[in-house]
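Undergrad: this is the structure alone, sequence omitted:
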């Protein structure tokens with residue numbers, strides 16, 4: 001696998017809103033998370049939705065998000081998290097200075 005990220009990397013989900021079939025939920029776009037697992041490489045489902053083969057396969061990561069980072073008015077425990085599987089082309093590195 002030619003993965004760009006490893007477990008523990010801090011990433012930011014692209015804040016893009018392309019038309020059509022997209023697997024990345026709106027509520028995580030632009031948000032910071034941490035790679036918790038490398039799932040595998042799979043054909044791109046965003047391409048397969050239109051009858052294409054989805055090749056080359058894209059790496060898929062499980063990304064951990066803090067609920068407080070996702071929901072402005074979240075009132076649950078500070079340590080609550082959620083994990084989502086996200087294709088690599090939706091992720092970018094989070095710079096140390098927060099950019």
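TA: The structure has been received and is ready for your questions. Note that the coordinates shown come from a computational prediction; the quantities given were computed from them, not determined experimentally. Residues are numbered from 1 along each chain as shown.
Undergrad: the chain: strands as residue ranges?
TA: Here the chain has its strands, by DSSP state E, at 10-13, 32-42, 58-66, 81-87, 91-93.
Undergrad: could you check how far the residue nearest the centre of the chain is from residue 56?
TA: Central residue of the chain (Cα atoms, centre = their mean): residue 86, 3.6 Å from the mean position. The gap separating residue 86 from residue 56 is 17 Å, by Cβ to Cβ, to the nearest Å. Every C-beta, even on glycine, is put in place using the N, C-alpha and C of the backbone.
Undergrad: what do you get for residue 27?
TA: Taken as Cβ to Cβ, the span from residue 27 to residue 56 is 28 Å.
Undergrad: so the two - more neighbours on which side?
TA: residue 27 (13 against 9; other Cβ atoms under 10 Å).
Undergrad: ok so, going back, which residues does the spatially closest residue to the residue nearest to the centre of the chain that is not a sequence neighbour form a beta bridge with?
TA: Leaving out its chain neighbours, the residue that sits closest to residue 86 by Cβ to Cβ, 6 or more residues apart in numbering is residue 63, at 5.2 Å. Here residue 63 sits in beta bridges with residue 35, residue 84, as judged by DSSP bridges.
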